[in-house]
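Visitor: Any chance you can model this:
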Amino acid sequence: TFLMISKIPTYSLKGIKVSRPFLIFLLLLIATYFGFLIHYPFNTLLFTGFLYLLLIPISFIHFKIIKKRSSKVSDSLISEDFI
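Guide: Numbering: from 1, shown residues only. Next up, the predicted model:
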């Protein structure tokens, strides 16, 4: 039951589009990460897990703000339809 799907929103990398100037930097960052993963696996995985746990409350607050904004926009659209 510990690994069940959660309703807590977390960030996903599937929707990110990287522009050309940042592509080389991103590839260098990924290569560095895998280098650390090969040479220091425990420390790298510990850091990655800590970073993920740190991002959970941040993403929860961020998605809560986005949901509040979208509800305000949809409320204003509904009120404009009735006018």
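
Visitor: For the lowest-mean-pLDDT helix or strand in the chain, name the packing helices and strands.
Guide: Between all helices and strands in the chain, the lowest mean by mean pLDDT, DSSP states H and E belongs to helix 41-82, at a mean of 81. The contact analysis (3 or more CB pairs under 8 Å, 6 or more residues apart in numbering; DSSP states H and E) places helix 41-82 against helix 20-39. The way it works is simple: take the backbone N, C-alpha and C, and place the C-beta from them, glycine included.

Visitor: center of this protein, which residue is that?
Guide: In the chain, the residue lying closest to the centroid (CA atoms, centre = their mean) is Tyr11, at 2.1 Å.

Visitor: so Thr10 makes contact with Pro57?
Guide: No - using CB atoms under 8 Å as the test, Thr10 is too far from Pro57 to be in contact (10.3 Å).

Visitor: wouldn't Val18 be in contact with Leu27 here?
Guide: No - counting by CB under 8 Å, Val18 does not reach Leu27; the two are 9.4 Å apart.

Visitor: Report the secondary structure element holding Gly15.
Guide: For Gly15, there is no enclosing helix or strand under DSSP states H and E.

Visitor: quick one, phi psi at it?
Guide: The phi/psi pair for Gly15 (degrees, to the nearest 10) reads phi -100, psi 0.

Visitor: could you list every residue that touches it?
Guide: By CB atoms under 8 Å, 6 or more residues apart in numbering, no residues touch Gly15.

Visitor: any idea how far Thr48 is from it?
Guide: 20 Å (CB to CB, to the nearest Å).

Visitor: Next: Leu26.
Guide: 16 Å.

Visitor: re the thing from before, any idea how far the least confident helix or strand of the chain is from the middle of the chain?
Guide: 8 Å (CA atoms, centre = their mean, to the nearest Å).

Visitor: swap in stretch 20-31?
Guide: Counting by CA atoms, centre = their mean, stretch 20-31 comes out at 18 Å from the chain centroid.

Visitor: what comes up buried for stretch 55-75?
Guide: Ser59 (16 or more other CB atoms under 10 Å).
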